[in-house]
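Q: please find the sequence and the predicted model below.
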Amino acid sequence: MTKYTDLSSLISSRICHDLISPLGAIGNGVELLSLSATAAGPELALISESVLAANARIRFYRVAFGAAAADQRIGRPEVLSVLADITRGGRIAVDWQAQGDQPRGEVKLAFLLIQCLETAMPFGGRIAVTLDGKGWHLRGTAARTKVNPALWDVLSNPAAALEVSPAQVQFALVPEEVRRLGRSLSVELGEGDIRIGVLF
């Protein structure tokens with residue numbers, strides 16, 4: 001009997017995988033329609049923008065919530081492409097400074113932490129992601145932040161008990177991924193400045 005230790009990630013991977021193809025087909029259909037002068041218009045532009053946004057979210061979610069094998073890696077160009085698509089037209093800018101290919105599990109954790117930072121930056125801001133010999137470092141800076149201390153306590157305090165909503169699920173997943181990778185995590189909450197360290 002096969003045993004799955006991370007069933008939720010496998011389910012997420014399956015859902016994202018199954019949605020990519022139909023979304024791609026819709027995008028191709030919209031592109032063909034755009035070649036017809038009679039079909040061009042604001043309605044078609046709206047559909048096109050919606051398909052692009054959906055594709056961007058699926059690609060991001062596939063990394064953040066999907067399965068990541070221990071020997072699986074993800075290239076820097078793919079990471080940059082996913083982040084560029086997910087932030088296009090938004091209020092959050094992500095500066096991915098880590099160089100080269102990275103283990104997919106490490107990038108998965110970084111993406112989950114990016115989502116955590118986004119919840120504290122509803123009015124926009126900048127997220128910088130760096131990597132050095134000590135580990136990963138994420139810094140979110142914004143003119144205004146909105147921090148729920150109980151949510152952030154979940155990240156670094158395994159004993160913290162908090163009922164999270166679907167929009168906050170990343171906070172519940174981070175500690176699990178930190179344990180899976182054998183890392184330690186630190187959080188510093190400041191006014192307009194949030195720093196997260198994932199240490200080797």
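A: In hand now; what should we look at? Numbers count the residues shown, from 1 in each chain.
Q: going forward, measure contacts between C-alpha atoms and count neighbours the same way
A: Noted.
Q: run through who's touching stretch 84-95.
A: Residues from elsewhere that reach stretch 84-95 (C-alpha atoms under 8 Å, 6 or more residues apart in numbering): 53, 56-57, 60, 83, 118, 121, 123-129.
Q: of the residues you listed - the most surrounded one?
A: Met121 (25 neighbours; other C-alpha atoms under 10 Å).
Q: just the pLDDT for that residue.
A: Looking at Met121, its pLDDT reads 96.
Q: ok, back up a step: of the contacts of stretch 84-95, which is the nearest to Gly140?
A: Closest approach to Gly140 among these (C-alpha to C-alpha): Ile127, at 4.4 Å.
Q: so which elements touch the helix or strand containing that closest one?
A: Following DSSP states H and E, one finds Ile127 within strand 125-132. Helices and strands touching strand 125-132, by 3 or more C-alpha pairs under 8 Å, 6 or more residues apart in numbering; DSSP states H and E, are strand 92-96, helix 104-119, strand 135-141.
Q: what's the angle between it and helix 104-119?
A: In terms of direction (axes from the mean of the first three to the mean of the last three C-alpha atoms, to 10 degrees), strand 125-132 departs from helix 104-119 by 150 degrees.
Q: and the contacts of strand 125-132?
A: Contacts of strand 125-132 (C-alpha under 8 Å, 6+ apart): 91-99, 110, 114, 117, 136-143.
Q: enumerate every residue touching Ala160.
A: Asp153, Val154.
Q: give me phi/psi at Glu188?
A: Note on Glu188: its backbone torsions stand at phi -120, psi 120 [degrees, to the nearest 10].
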